[in-house]
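Asker: below is the sequence, then the predicted model.
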Amino acid sequence: MNARDEESSSRELKIAAAIDDRTPLDWENELARDPTLAGLMSGLRNVEKIASAHAKITEELVDDFSGFIGTVLLHYRIVEWIGSGSMGAVFRAQDEHLPRQVAIKVVLKESLADRTLGEILLREARIACSINHPNIATVLDVGENERCVFFVMEFVQGRTLAGLIEEHPLPASVAVEYGIQIASAIQAAHDAGVVHRDLKSSNVCVTKGGLVKVLDFGIAVKASPSILVDTTAAESTYGPAGMTAGTIAYMAPEMLRGQPADKRSDIWALGVTLQEILTGTRPFSGETRTEVERAILREDPAPLPASIPKPLRSVIARCLKKDPTHRYQHAAEVRAALEPIRDSPAAPAARPRPWIVALGLGAAAIIAGLILWPPSSRPPLSPHSILVFPSRNESGVAEQQFLADGLTDQLINTFARLSHVSVKSRTTSYAVAKESKPLPRLAQEHGFDMMLESSVTRTADRVRVNVQLVDARSDRQIWAESYERPLREILTLDREIARGVTGSLKMRLTDAEQAGLAPAPPVDFPVYQAYVLGRSLKAERRYARAIESYSRATRLDSTFAPAYAGLADCYTEMAYYRELAPAEALSRAAAAATRALRIDSTQGTAHLALAYVHGFQMDWKGAKAELDLAREDEPGSPEVWYGLADYLGAHGRAGEEVAAMERAVDLDPLSIRYTNELGLAYLNAGRVADAAAQFRRVEKDGRSDEARRAHAYAARCLALQGKSEEAIESLRPAAGSRATPYEEEELAYALSSAGKKSEALRVLARLASMGRGIASPLAIAAAQLAAGEREPAFATLSRAAADRDPRLIWLGVDQRFDSIRGDPRYAALMRSMGLEPAA
Amino acid sequence: MESTTLLIRRIWQGDPRAREQLVRSYFPIVKRMAHGRLPARARGLVGTDDIVSITLTKALQHIDTFEPRREGAFLAYLRQILLNEIRSQIRHANVRPVAGELDEDLPADGASPLEELVGRDLMERYESALDQLTPEQRQAVILRIEMGFSHQEVADALGAPSPDAARMIVARALARLAELLSESP
């Protein structure tokens, strides 16, 4: 290679490097400098073409950001795109270390005005990581790579203020409430030395619980000047999440003059936001950017309507003073100015309705709402009806979820002990938590007026619990507290929280209730762990494993009463569902319950278990005594009311049975099991149509066991209404599916009622072949009776009585046996069960 | 990211999680590769995601016979499978009538976005030129030009000592490519 060749080669490499670096090339000039490159030049041009094409394709991908989906930034796997702005996009991502979702804002470096801006952003975001405030979406992590800087934030589920306002301006009461929360957020950030700089309605999220979360603190990216120029004042949102860029309508005059933003610029933006909440429009507007700028710099803000309370108008006016020194100097001052407006009785007290409007529902929805959610026809419950919202596990570790679940259960149980509180059941709590509707609407639909929210954080051997009590109708916080305790005291926290709640509501407690809320002895952590696990397993009807878990708790701490009560509870259910021989199950239940009560006589669950043990053994007096004790301990427990309903039904008191069962359903309206049982109570009371309505509700649950039970009972309703053929038709199993024993029982009855005796007998034979104890003796006897087989019916009943089959207790109220009430054998049967025969 | 070589070794040992992890890591990368190469028409028949999945599945089926020393080699391997797959999809698209009628005048296959930008002829020449590069050069071009890797990432993937070394490899590869793509060699 001669010198000239070497020079060419080196030039060629330089050009190749320029292509690699995407440095623009002046081909003509290059050629002029070295004509020997002419041949190669076309090749280099082709390479350049190919490189640009690939870069363009990659850019296109970056534009729609689909290239990010599935990638992992730090340890966050990007799941889906939420929204985009001109400088980046927001994604939902899954934390691969912790079981949580996060939002990641990705800002492409090329969209930043200069290199140092990226560094400034990162530095500020790192400071923002230290801010911990309920009204701020916390920045959890920051990072960068070749292409972008990114910010990992708390994932907030809710709607942006911008989105809410778009549908309807919000009433003054709401504006004030949100203003207070935004001001608190700003103050907290300012205290940490972070200025937002881009506060606006699309950067404020409202959760379904009405909690305001200010987004993008410390990571508000100011667009590069070119982007700003391209953006008209009118546009504000770019994507579903409303990530915006370059909107000037919120910029304080000093920012427009090129001075740096400071705390007071955020206060200006708060003023703009408040006016926007109230009127749906911003105080300074114009067709073009220049017009908006001029308005901000020179003009007075658009006047607020006179209907807005004067003090509120004054607050906004002061936020919007052109001279920053004339504004409030601290966000805390804005807050202090807004609070008296909120608390003043004269002020925006146009209460309950506005909240519906506030949450983005127009008049049509309100009208529809009246149709969709008819007020409950039942009498009102206790003065306070509380929903314990499932506690959040903030430890960031899935293994600690049980702590949160445990606290939720404990709180529900503790409130169930109070007579002035009606607490929604576990089923309802978890179901409500899955719904994404505004709190006031949930409150209306599920019939509660307060919500208790909590979060649990475990750090080594300590636990911190934050709670807040919210007025569900107005979405306003009533009370809040934070507890930090050694881990082993977690079992005492529910009582402490309950004391806080009852105190904040100035609730009068009976002596017994006060005693019930007295601090519980601390319990060792592994014991608690095993206990909570047992409880959740039992809720899933996994009795054997629940028993294992409860037993582990009792082995670790033989003085821990709740675990014994839990064991008793498991065994009685196993007896009822025949998962264990009733005699054995009941004796174990009795032993465990007794043990629990010896340690702590106020264990309602243990009393209830004993009531069942007595009831199954036809010791009604004992059952009643235990039921009374259980009610005393836990007046708000749906299980206790259900137990009482059983007792009343067995005693032929069908009307009272219905009332007790209605109460259980009130307390746990989402439990399909209770809904079925209420249907049966209606049947006992002769209210066939009401019963059918309950069963139809449960039937909608599809193929669940309860739904199939309901389906069978609905057929019985038809048969009782003289529509046996319809009943038979409805019970024909769908192709490929097998009838359940419940369905077979009702089919036998319907066939008998329709006079199809031989078919009925065939079904009865099938039922008998399922094995002893599977089919209900009551159902078999009822079918036999309907087929005119009176003697066999009595034989069936007598055998069951000899077996002490608990299902026989309904004999006194079941109308299918009305025809034999006069028979002395019927009276004898009743007496053999310790029950008085009905007149 | 756990090193690809390590992941592949874990796959050999029958660790299903490694398999999943590999797919997860490479899905977006292969998708990016597929994006520019799949003609709109073929894309309609099988989504880009499907092609990517097929590619990764096939790559994993043959992973036992493939021992990449570097990530770059693995990417080149994936790219090859992807291109084969895309070609077969295009062939498939060509033999299928569109919307029930067969129009002989219809272009036999739509151009891919890359072909639209640089022309089919050049893309074909590029592909064949790539084949004539050394494996390291080929991988460098793919990583840097096609995938937009940073020089650091190229260095990591190729096992080069530094970003500058990677820069050099890329420049040489591009210069060689230019020679091969010259109009008048």
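Answerer: Done, it's in.
Asker: following the chain onward from the helix or strand containing A:Ala55, which element is next?
Answerer: Using DSSP states H and E, A:Ala55 sits within helix A:38-64. Downstream of helix A:38-64, the first helix or strand assigned by DSSP H and E is strand A:72-73.
Asker: that next one pairs with which strands, and in what direction?
Answerer: strand A:76-84 (antiparallel) (DSSP bridges).
Asker: and the next helix or strand past the strand it pairs with?
Answerer: strand A:88-95.
Asker: just to revisit the earlier point, from the chain's centroid, how far away is the helix holding A:Ala55?
Answerer: 51 Å (CA atoms, centre = their mean, to the nearest Å).
Asker: got the residues of chain B near chain A?
Answerer: Contact residues, chain B versus chain A (CB under 8 Å from any CB of the partner chain): B:1, B:24-25, B:27-28, B:31-32, B:35-36, B:113-114, B:117-118, B:122-123, B:125-126, B:144-146, B:148, B:150, B:152-153, B:167, B:170-172, B:174-175, B:177-185. Where C-beta positions appear, they are placed from N, C-alpha and C, glycine not excepted.
Asker: just the buried ones out of those, please.
Answerer: For the residues of chain B next to chain A, a neighbour count by 16 or more other CB atoms under 10 Å in any protein chain shown gives the buried set as B:24-25, B:27-28, B:31-32, B:35-36, B:113-114, B:117-118, B:122-123, B:125-126, B:144-146, B:148, B:153, B:167, B:170-172, B:174-175, B:177-182.
Asker: now, those residues that are in helices?
Answerer: B:24-25, B:27-28, B:31-32, B:35, B:113-114, B:117-118, B:122-123, B:125-126, B:153, B:167, B:170-172, B:174-175, B:177-180 (DSSP state H).
Asker: quote the end-to-end distance of stretch A:806-820.
Answerer: 20 Å (CA to CA, to the nearest Å).
Asker: and A:Leu670, which of the three is it?
Answerer: Secondary structure, DSSP: H, G, I helix; E, B strand; the rest coil: A:Leu670 is coil.
Asker: relative to chain B, how far out is it?
Answerer: 37 Å (CB to the nearest CB, to the nearest Å).
Asker: show me what contacts that residue?
Answerer: A:Ser425, A:Thr427, A:Thr428, A:Ala431, A:His446 (CB atoms under 8 Å, 6 or more residues apart in numbering or on different chains).
Asker: okay if I get the residues you listed as CSV plus secondary structure?
Answerer: Shown next, in CSV, are these (three-state DSSP):
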residue, secondary structure
A:Ser425, coil
A:Thr427, helix
A:Thr428, helix
A:Ala431, helix
A:His446, helix
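Asker: which of those sits closest to A:Ile180?
Answerer: Using CB to CB, A:His446 comes nearest to A:Ile180 of those, at 27.3 Å.
Asker: from chain B, how far off is the closest one?
Answerer: 40 Å.
Asker: can you count the residues close to residue 169?
Answerer: Picked chain A for this. 20 (other CB atoms under 10 Å in any protein chain shown).
Asker: wait, chain B was what I had in mind.
Answerer: What B:Ile169 shows, counting by other CB under 10 Å, is a neighbour count of 23.
Asker: quick check: beta-bridge partners of the residue nearest to A:Ala93 when sequence neighbours are not counted?
Answerer: Nearest residue to A:Ala93 in three dimensions, chain neighbours excluded: A:Tyr76, at 4.1 Å (CB to CB, 6 or more residues apart in numbering or on different chains). Applying DSSP bridges to A:Tyr76 gives these bridge partners: A:Leu73, A:Asp95.
Asker: okay but A:Tyr76 is in contact with A:Arg92, surely?
Answerer: No. Applying CB atoms under 8 Å as the test, A:Tyr76 and A:Arg92 come out as separate, 9.8 Å apart.
Asker: and the helix holding A:Ala55, what does it pack against?
Answerer: helix A:3-21, helix A:27-33, helix B:16-35, helix B:113-118, helix B:120-132, helix B:163-180 (3 or more CB pairs under 8 Å, 6 or more residues apart in numbering or on different chains; DSSP states H and E).
Asker: can you tell me the helix or strand for A:Leu469?
Answerer: strand A:462-471.
Asker: what mean pLDDT does that strand have?
Answerer: Across strand A:462-471, pLDDT averages out at 85.
Asker: residues contacting A:Glu293?
Answerer: So, once contact is read as CB under 8 Å, 6+ apart, A:Glu293 ends up touching A:Ile248, A:Leu256, A:Gly286.
Asker: contacts for the particular helix or strand that has A:Ser587 in it next, please.
Answerer: Assessed by DSSP H and E, A:Ser587 sits inside helix A:582-599. Helix A:582-599 is contacted by residues A:559-565, A:567-572, A:574-575, A:579-580, A:603, A:605-607, A:609-610, A:612-613, A:616-617, A:804, A:806 when judged by CB under 8 Å, 6+ apart.
Asker: doesn't A:Val149 lie inside a strand?
Answerer: Yes. Counting by three-state DSSP, A:Val149 falls inside a strand.
Asker: that one: neighbouring residues, count only.
Answerer: A:Val149, neighbours per other CB under 10 Å, totals 23.
Asker: wouldn't it be in contact with A:Gly118 here?
Answerer: Yes. Using CB under 8 Å, A:Val149 makes contact with A:Gly118 at a distance of 5.1 Å.
Asker: residues touching the residue nearest the centre of chain B, list them.
Answerer: Closest residue to the average C-alpha location of chain B: B:Arg79 at 2.4 Å, with CA atoms, centre = their mean. For B:Arg79, the contact set (CB under 8 Å, 6+ apart) comprises B:Met33, B:Ile142, B:Glu146.
Asker: A helix includes it, no?
Answerer: Yes. Counting by three-state DSSP, B:Arg79 is found in a helix.
Asker: still on that earlier bit, and the residue nearest to A:Ala93, how many neighbours?
Answerer: Residues contacting A:Tyr76 under the criterion other CB under 10 Å number 26.
Asker: so what pLDDT did it get?
Answerer: At A:Tyr76, the predicted lDDT confidence score is 88.
Asker: any figure for the gap between A:Ile490 and B:Asp164?
Answerer: A:Ile490 is 57 Å from B:Asp164, where distance means CB to CB, to the nearest Å.
Asker: which of those two has more neighbours?
Answerer: A:Ile490 (25 against 11).
Asker: which stretch of helix or strand covers the more buried one?
Answerer: Assigned by DSSP H and E, A:Ile490 falls in helix A:490-504.
Asker: and the very next helix or strand once past that helix, which residues are buried?
Answerer: Next in sequence after helix A:490-504, counting helices and strands by DSSP H and E, comes helix A:511-516. Across helix A:511-516, burial judged by 16+ other CB under 10 Å covers A:Glu513, A:Gly516.
Asker: what mean pLDDT does the following helix or strand past helix A:511-516 have?
Answerer: Next helix or strand after helix A:511-516 toward the C-terminus (DSSP H and E): helix A:525-539. Helix A:525-539 shows a mean pLDDT of 83 in the predicted model.
Asker: residues touching the residue nearest to A:Ala93, list them.
Answerer: Counting by CB under 8 Å, 6+ apart, A:Tyr76 has contacts A:Ala93, A:Gln94, A:Asp95, A:Glu96, A:Val102, A:Ile104, A:Asp141, A:Val152.
Asker: check the residue lying closest to A:Val523 once chain neighbours are set aside and give its pLDDT.
Answerer: Excluding the flanking residues, the one nearest A:Val523 by CB to CB, 6+ apart is A:Leu491, at 4.6 Å. With respect to pLDDT, A:Leu491 scores 74.
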